[in-house]
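>>> 3D model of this:
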Amino acid sequence: MEDILRTGLVIVLGTAIVGCGSPARQAQSRQTAAASYAEGVTALESRDYSGAVEHLSAALESGWLGYSTIPAYAKRAIANAALGNYDAAHADLDTASQGEGDTAEIHVVRTYVFEKQGKAKEAKAAWYEAKKLDRRAKKIKD
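Reported below is the predicted structural model:
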């Protein structure tokens, strides 16, 4: 129920903020954001981490991803961690958790980032939080 209310609130606020743009322009912006997101996911899956960061950044900066940006921030954090950009990865996860709350996905990705950094204690704590929020959570493997 909370997710439905949050989604409705974001849609209403987004409509109020965007407001006056033409429907055709709004549809085009949504399609462009969706295409950038899809290209980012494809790049991440093919281990083109720089490409993933580029496309996911474009999708996030567009402001047209829809009601949840957590998946885009999480995927960009994975790509940044793979590139060794740990501060950027943690910043993405911090932004995602501030905007939409604490989720298992954020903690799973944070576990991955800490593991890439060689910070076993922090990784273990993040993993504990992920499992607390979702017992079905699975670790990210390279």
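>>> What score does residue 4 have for pLDDT?
As predicted, residue 4 sits at a pLDDT of 40.
>>> how far away is the nearest residue to residue 103 once chain neighbours are set aside from residue 111?
Sequence neighbours aside, residue 70 is the residue nearest to residue 103 in space, at 6.0 Å (criterion: CB to CB, 6 or more residues apart in numbering). Backbone N, C-alpha and C define where each C-beta goes, glycine included. Note on residue 70: its distance to residue 111, by CB to CB, to the nearest Å, is 15 Å.
>>> Kindly report the same for residue 142.
When distance is defined by CB to CB, residue 142 is 13 Å away from residue 111.
>>> low-scoring stretches of the protein, by residue?
Low-confidence segments of the chain (pLDDT under 70): 1-21, 67.
>>> Please, where are all the helices along it?
Secondary structure of the chain (DSSP state H): helices located at 2-18, 23-45, 49-62, 70-82, 86-100, 104-117, 120-133.
>>> and the angle from the shortest one to helix 49-62?
Computed by axes from the mean of the first three to the mean of the last three CA atoms, to 10 degrees, the angle separating helix 70-82 from helix 49-62 equals 150 degrees.
>>> so what does helix 70-82 touch, helix or strand wise?
helix 23-45, helix 49-62, helix 86-100, helix 104-117 (3 or more CB pairs under 8 Å, 6 or more residues apart in numbering; DSSP states H and E).
>>> Return the set of buried residues in the second one.
So that's helix 49-62. 49, 51, 52, 53, 54, 55, 56, 57, 58, 59, 60 (16 or more other CB atoms under 10 Å).
>>> Let me know the angle separating that helix from helix 23-45.
Going by the same axes, to 10 degrees, helix 49-62 makes 160 degrees with helix 23-45.
>>> Check which helices and strands helix 49-62 is in contact with.
With contacts defined as 3+ CB pairs under 8 Å, 6+ apart, helix 49-62 has these neighbours: helix 23-45, helix 70-82.
>>> Please tell me how far the first one is from the chain's geometric centre.
Centroid displacement of helix 23-45 relative to its chain, using CA atoms, centre = their mean, to the nearest Å, is 14 Å.
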